[in-house]
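[1] Got a predicted structure here, sequence first:
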Protein chains: 2
Amino acid sequence: MRSHRRRDEHAPRAEQKQATRQALLDAALRLVADKSFDSVSLREVTREVGIVPTAFYRHFESMDELGLVLVDETFRTARRLVRAAREGPLPAEQRIRRSAEALVHYVQAHRPYFQFLVRERFGGVAVIRSAIRHEIRLFESELATDLARAPELSAINTADLQILAGLLVTAMTAITEQVLELPPRGEGLDDVIVLAEKQLRLILLGASIWQSR
Amino acid sequence: MRSHRRRDEHAPRAEQKQATRQALLDAALRLVADKSFDSVSLREVTREVGIVPTAFYRHFESMDELGLVLVDETFRTARRLVRAAREGPLPAEQRIRRSAEALVHYVQAHRPYFQFLVRERFGGVAVIRSAIRHEIRLFESELATDLARAPELSAINTADLQILAGLLVTAMTAITEQVLELPPRGEGLDDVIVLAEKQLRLILLGASIWQSR
DNA sequence: CACCTCAGTGCACGAGTGTGCACCCAGTTG
DNA sequence: CAACTGGGTGCACACTCGTGCACTGAGGTG
């Protein structure tokens, strides 16, 4: 029974602390794969990492705080997807297809994060719920200003663009949920992509002939 | 400290049992209002009802079983809404508006049930999740066959109708979630109705000019 | 009226929980 | 090299939890 067990002996102190902290976050993410966050105990998390329960407090004040950091990490991850999608050139016709593909593959590649997001979005911990809601609202607004630049949508006023953005995000969320329902090594991925493309196309088709007021 | 305490003394036995059973369901529904189902304990539920923990087993084999009954009750409730919406005459133009109103008001009037549904749809208990998923899929199919009867949508093949139904249900779910985000005595209800109407209208607008294949 | 049924009781158990406290010792710092 | 810092330890506490068991007493039944 050694004390001060660590993954990497002889590592600088700050670095080692960061490693343990990240290990706690990873462990929590792993545990919420098959139960909800508020039924994961502090002790479970530390057990998974291999440290004693009280050592948890050297890194987080409570499980809630850890949860909020998890939300943050998740959206940092998600933002990378969006930025990539935004920067790509816009061949108009191919664009919807590419977006659907990107979304589905990205979610599949980062399952645990999106799993957490989808589950805790309406989960039992209020602070986490509202943190996620806030980030999603932010995302919708960004999308709305993006859409404002599209000439095909010039007949839509700002308020309606916000609604359109909301609907698109809703659809993307639903697609995300469908990816997560697939078995982890997903064969049905291509079907979901086709479905995603059609849903997005349908919405944008409606938007293209929508007249505000 | 009396034993055999009961809400209604001198009641027929079977009736009394049913009352306790319902009280357990109601208590559970009340408790999931601010935590997730799998972190509600059997003891909490019985404490809320005012019976001893072990008496729980006279009514349900486990919390999971109670959860499944709750899913059932919830969808029995939801089905009443759908049936009402379906039976109403179809003045085409007013129809979307009326549906949006009906949905929003109905959700508001049965908050606890829909709260439970939304939260546990992706919650930590697998059997409940899949029970809910199953019911929703059923609902989508019913909606799809309904849509098949609409002349405006005759250019859409069966597979695409299923997708359209899925998208509509997704939108309705999102609207449900928004109603639940409102304060219980909701003032913002009317705004959500307007939003719901626009979203549904947008989708159906796209559908009306969609050409399968 | 005697007997049976069974919803609800009361107790006890082992297991799991969050957190306070004193301690230890490797890594850093003057 | 001596002193300090702070991540991790080990123990202890007071809970809560699910469930097994023997029980009680009111409601139903022959």
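    Yes, it's here.
[2] any idea how far the nearest residue to A:Arg86 once chain neighbours are set aside lies from chain B?
    Leaving aside its sequence neighbours, A:Arg86 sits nearest to A:Asp146 (C-beta to C-beta, 6 or more residues apart in numbering or on different chains; 6.8 Å). Just so you know, the C-beta spots here come from the backbone N, C-alpha and C atoms, and that holds for glycine as well. Using C-beta to the nearest C-beta, to the nearest Å, one gets 18 Å for the distance from A:Asp146 to chain B.
[3] element containing A:Asp146?
    Element membership of A:Asp146, judged by DSSP states H and E, is helix A:126-148.
[4] So which residues of chain A form helices?
    Secondary structure of chain A (DSSP state H): helices at A:13-31, A:42-49, A:63-87, A:93-109, A:111-120, A:126-148, A:158-181, A:189-208.
[5] what's the angle from the longest one to helix A:126-148?
    What that stands for is helix A:63-87. 10 degrees (axes from the mean of the first three to the mean of the last three C-alpha atoms, to 10 degrees).
[6] Out of the helices of chain A, which is closest to DNA strand D?
    helix A:13-31 (3.5 Å; C-beta to the nearest atom of the strand).
[7] I'd assumed A:Ser208 was in contact with A:Glu152.
    Yes. A:Glu152 is within contact range of A:Ser208, at 5.3 Å (criterion: C-beta atoms under 8 Å).
[8] Of the two, which one has the most company?
    Using other C-beta atoms under 10 Å in any protein chain shown as the criterion, A:Glu152 and A:Ser208 rank with A:Ser208 on top: 15 against 12.
[9] show me the contacts for that one.
    Counting by C-beta atoms under 8 Å, 6 or more residues apart in numbering or on different chains, A:Ser208 touches A:152-153.
[10] can you tell me the residue of chain A closest to chain B?
    A:Gly206 (2.9 Å; C-beta to the nearest C-beta).
[11] That residue - nearest residue in space that isn't next to it in sequence?
    Counting by C-beta to C-beta, 6+ apart, the residue nearest A:Gly206 is B:Gly206, at 2.9 Å.
[12] quick one, what contacts the one you found?
    B:Gly206 makes contact with A:202-207 under the criterion C-beta under 8 Å, 6+ apart.
[13] cutoff 10 Å now
    Residues in contact with B:Gly206 (C-beta atoms under 10 Å, 6 or more residues apart in numbering or on different chains) are A:199, A:201-210, B:164, B:167.
[14] Tabulate the residues you listed (TSV), appending distance to DNA strand C and pLDDT.
    Formatted as TSV, these follow (distance: C-beta to the nearest atom of the strand, whole Å; pLDDT from 0 to 100):
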residue	distance to DNA strand C	pLDDT
A:Gln199	40	97
A:Arg201	46	96
A:Leu202	45	97
A:Ile203	43	97
A:Leu204	46	96
A:Leu205	50	95
A:Gly206	48	96
A:Ala207	47	96
A:Ser208	52	94
A:Ile209	54	94
A:Trp210	50	94
B:Leu164	45	97
B:Leu167	40	98
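[15] Output the below-cut-off pLDDT ranges for chain A.
    A:1-10, A:88-92 (pLDDT under 70).
[16] make it 50
    For chain A, the stretches flagged by pLDDT under 50 are A:1-6.
[17] A:Arg86 and A:Leu143 touch, don't they?
    Yes. Using C-beta atoms under 10 Å, A:Arg86 makes contact with A:Leu143 at a distance of 9.4 Å.
[18] Return the distance of A:Pro12 relative to B:Ala28.
    Going from A:Pro12 to B:Ala28 by C-beta to C-beta, to the nearest Å gives 51 Å.
[19] thinking again about what came up before, in the helix holding A:Asp146, which residues are buried?
    A:128-129, A:131-132, A:135-136, A:139-140, A:143-144, A:147 (16 or more other C-beta atoms under 10 Å in any protein chain shown).
[20] can you check stretch A:145-163 too?
    Buried residues in stretch A:145-163 (16+ other C-beta under 10 Å): A:147, A:153, A:156, A:160-163.
[21] between the helix holding A:Asp146 and helix A:158-181, what angle do the directions make?
    120 degrees.
[22] circling back to that earlier point, near DNA strand C, which of the buried residues of stretch A:145-163 show up?
    The residues of the buried residues of stretch A:145-163 that also fall near DNA strand C, by C-beta under 7 Å from any atom of the strand, amount to none at all.
[23] Endpoint to endpoint, stretch A:203-213 covers what distance?
    19 Å (C-alpha to C-alpha, to the nearest Å).
[24] Revised request: answer the last question for stretch A:52-68.
    Here the two ends of stretch A:52-68 are set 22 Å apart, with distance taken as C-alpha to C-alpha.
[25] In the record's domain split, what are the boundaries for chain A?
    A:13-58, A:63-208 (automatic domain parsing).
[26] Just want the most central residue of chain A.
    Nearest residue to the geometric centre of chain A (C-alpha atoms, centre = their mean): A:Phe114, 4.3 Å.
[27] I figured that residue hits A:Leu70, correct?
    No. Between A:Phe114 and A:Leu70 no contact is recorded; they are 12.0 Å apart, counting by C-beta under 10 Å.
[28] if I look at A:Asp38, how far off is DNA strand C?
    Using C-beta to the nearest atom of the strand, to the nearest Å, we find A:Asp38 at a distance of 10 Å from DNA strand C.
[29] Surely that residue and A:Leu66 touch.
    No. A:Asp38 is beyond contact range of A:Leu66, at 11.9 Å (criterion: C-beta under 10 Å).
[30] Could you tell me which residues touch both of these two?
    The contact sets of A:Asp38 and A:Leu66 overlap at A:Ile128 (C-beta under 10 Å, 6+ apart).
[31] Now for the residue nearest to A:Arg86: which residues touch it?
    A:82, A:85-86, A:161, A:165.
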